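K.L.:
I would like the atomic coordinates for the input below:
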Amino acid sequence: MLDRIDLHIEAPALSLAELRSEKPGESSVPMRARVDLARSRQHARYAGTKITSNARMTHAQIRKHCGIDSTLGDLLQQAMEQLSLSARAYDRILKVARTIADLAAAERIEGPHLLEAIQYRSLDRNVFY
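P.N.:
Numbering: from 1, shown residues only. As a prediction, this is how the structure comes out:
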């Protein structure tokens with residue numbers, strides 16, 4: 001069942017020091033701007049298709065828009081094996097990594113994007129680093 005959920009996120013309780021901190025967190029204004037830019041990138045990427053977001057990519061579109069080099073491919077393969085992930089998880093990790101890259105305004109999926117996407121699949125399994 002968990003294999004059908006794209007993101008698994010643990011939200012641990014804040015420490016007392018974090019609760020008492022006067023350091024402000026990120027405002028929703030710049031966060032919203034990043035999301036809007038990422039959505040604009042996706043709309044431009046899928047212009048002329050019925051697809052409107054990375055989550056709706058077909059297998060062919062994943063291959064076209066989520067290309068990773070051999071080093072990242074090896075990393076993803078290792079994660080798949082160590083976490084016993086399914087073939088469905090492979091495509092979903094790439095879709096999430098593409099979205100993370102869009103939020104970072106990156107043209108290509110890079111190591112940190114892929115690692116973050118893998119992390120979102122690993123909460124119900126042994127941790128992968």
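
K.L.:
flag every buried residue along the helix or strand of the chain with the lowest mean pLDDT.
P.N.:
Ranked by mean pLDDT, DSSP states H and E, the weakest helix or strand in the chain is helix 16-20, scoring a mean of 87. Neighbour counts over helix 16-20 (16 or more other C-beta atoms under 10 Å) mark no residue as buried. Glycine gets a C-beta too; all of them are placed from N, C-alpha and C.

K.L.:
dump that helix to CSV, restricted to CA.
P.N.:
The C-alpha coordinates for helix 16-20 follow below in CSV (Å, rounded to 0.1, in the frame of the first residue of the first chain):
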residue,chain,number,x,y,z
LEU,A,16,12.3,23.3,23.2
ALA,A,17,15.3,25.3,21.8
GLU,A,18,13.6,25.4,18.4
LEU,A,19,10.3,26.4,19.9
ARG,A,20,12.0,29.2,21.8
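
K.L.:
can you show me the helices along the protein?
P.N.:
Here the chain has its helices, by DSSP state H, at 16-20, 28-45, 59-65, 70-83, 87-103, 111-119.
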